[in-house]
Each structure stands twice: as C-alpha cells, then as structure tokens.
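**Q** this one's structure only:
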Ligand code: ATP
C-alpha cells in the first residue's frame, strides 16, 4: 500500500535542545496514527516540520500529495474579524476549491455551522471555532490531515461527533490522519496505531488497545504516565 506520509530520521534542534531527535514513521491511507507524549516531547515541532513551517535540522519528509494535505489546531484560530463564510471563502480561494458554493454548504452542514455563517469567527465559542477550523481543514478534500488536539476544547457530545467525522474520513474516504491528543480514552477509541514520543524520540509504537498490556500497564493512561515519568524504565 502506498504511504501518505513518510518521515525518516527527522531532527530539529533549537540551540542545545534536541526537540525532535531522529524519528521515523509513516501514515497510510485509511489510518489514524496518534502522536502522543508529555508536554515538550516534540509533537508540535514534528507537525510544524511536516507542514513546512519549520525547517528540519536533518532527515526527510515525504508527502504523497502536498496539495491535498491540511491541518487544524487550537493554537491556529482563523481570523476573528471575518465571518464563518468569509473565512471559508478566503481559504477556498487560496486552495483553488472548485464549485466553492456547493462545498461551503456541505461543510456548514457537516460541521453544524450553518446558523453561524454570518457570525464573526472571533465571537464563536471555542468549540464552534474548533469546528470552523476543521471545516477549513476539509475544504480542499485532503488526503492527509494533521490534527493537533482537535477535540481539546469540545464538549463530550461534540467531541464524539467530530471523532465520528474523522473516522468516516479515513474509513470511507481512505484519508490518512496524524492526530495528537492528551485524551487517552479518545486515542484508544480513534487511533489505529500510536507513537509515544519522549524527549524527541519514539519510545514505543503500536496498537493502543494492546500496547498497555504488553508493557505491564492496565490502561493507555497508565502507560502514558510511565512514559512521562520514567521513560528509561520502558
Ligand atoms: P505540548 O504537549 O506541550 O504541546 P509538544 O510535544 O508539542 O508539547 P514541542 O512544542 O514540540 O512539544 O516542544 C518540544 C521542545 O522544543 C520543548 O522543549 C520546547 O521548549 C522546545 N521548543 C519548541 N519550539 C522552540 C523554539 N522555537 N525555540 C526554542 N525551543 C523550542
């Protein structure tokens, strides 16, 4: 099977800090891969390099189709002085989306934003802003989605709907997703495979449903805590 994303021996140093220290992994079509790790482990730095925002200090990033990649994160909100529809139009123009009006209506419906189409993005609640960011991320019908804590500010019911949308994107649409989250319950439910980062290195990799038992832990959260507190013991 072809890969949507291949990362080989990727590195990023900031002065003396090795934020990403030689990691290799891949993401295939139809797969959701969780990028996990404690604060400062190197997750956002990795995503920023894949997006091309940060220049790697070493290694390689191979992307099947850069034009069909997209991204959503709570720390990258859309311009607050533009309405929901205006924001989507601006990005639609940037991406060269065909039949934009039709796509706009589809996305407003899919992300339950129709009633806010003329509301300025800055006035939306944080959950609504997250939905707008996800709608923007879907505009160009991506094949590879990079999601940095996409459900962090959502209430449990909306978070569940968003997870279902993204699952559908991979199962029906054969999309590929790299997903960071600190919610281990969510990761277990959504991810086909997880990578545990610690100090810029991949410490563990595998199926989130079997990985904890393999390392003598009851739950993924217990394993996460062990990675965060005593990485050398693993
Ligand atoms: P979090 O879960 O807190 O978002 P993270 O896993 O995304 O953490 P990164 O933001 O990738 O972690 O940071 C990895 C390391 O690199 C940290 O030690 C951080 O302080 C450092 N770092 C990140 N960006 C810079 C920068 N521009 N200059 C210097 N150090 C940086």
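**A** Alright, I've got the coordinates. Note that this is a predicted model, so its numbers are computed, not measured. Numbers count the residues shown, from 1 in each chain.

**Q** domains of this structure?
**A** With domains defined by automatic domain parsing, the chain comprises 5-65+143-233, 77-140.

**Q** now tabulate those domains in JSON lines and tack on mean neighbour count.
**A** C-beta coordinates here come from the backbone N, C-alpha and C atoms, glycine included. Output for those, formatted as JSON lines (neighbours: other C-beta atoms under 10 Å):
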{"stretch": "domain 5-65+143-233", "mean neighbour count": "18"}
{"stretch": "domain 77-140", "mean neighbour count": "17"}
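
**Q** ok, the residue nearest the centre of the chain - contacts?
**A** Centroid-nearest residue in the chain: residue 147, 1.5 Å away (criterion: C-alpha atoms, centre = their mean). Contacts for residue 147 (C-beta atoms under 8 Å, 6 or more residues apart in numbering) come out as 71, 72, 73, 137, 166, 177, 178, 179, 180.

**Q** output the domains of the chain as a markdown table; include the columns mean pLDDT.
**A** Supplementary listing: the domains of the chain in a markdown table, determined by pLDDT from 0 to 100:
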| stretch | mean pLDDT |
| --- | --- |
| domain 5-65+143-233 | 94 |
| domain 77-140 | 95 |
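
**Q** and of the ones you listed, who's closest to the ligand?
**A** Nearest to the ligand, of all these, is domain 5-65+143-233, at 3.2 Å by C-beta to the nearest ligand atom.

**Q** how much space between residue 112 and residue 169?
**A** Between residue 112 and residue 169 the distance is 16 Å, computed by C-beta to C-beta, to the nearest Å.

**Q** likewise for residue 65?
**A** Counting by C-beta to C-beta - residue 65 and residue 169 are separated by 15 Å.

**Q** any figure for the gap between the closest residue to residue 153 other than its chain neighbours and residue 132?
**A** Distance criterion C-beta to C-beta, 6 or more residues apart in numbering; nearest residue to residue 153, sequence neighbours excluded, is residue 126 at 3.9 Å. According to C-beta to C-beta, residue 126 and residue 132 sit 11 Å apart.

**Q** residue 61 in helix, strand or coil?
**A** Three-state assignment for residue 61 (DSSP: H, G, I helix; E, B strand; the rest coil): strand.

**Q** likewise for residue 71?
**A** Following three-state DSSP, residue 71 is assigned to strand.

**Q** so how far does stretch 92-109 reach from one end to the other?
**A** Distance between the two ends of stretch 92-109: 16 Å, counting by C-alpha to C-alpha, to the nearest Å.

**Q** one step back: shared neighbours, residue 126 and residue 132?
**A** By C-beta under 8 Å, 6+ apart, no residue touches both residue 126 and residue 132.

**Q** report the separation between residue 133 and residue 200.
**A** To residue 200, residue 133 is 27 Å away according to C-beta to C-beta.

**Q** whoops, residue 123 was the one
**A** Distance of residue 123 to residue 200, computed by C-beta to C-beta: 39 Å.
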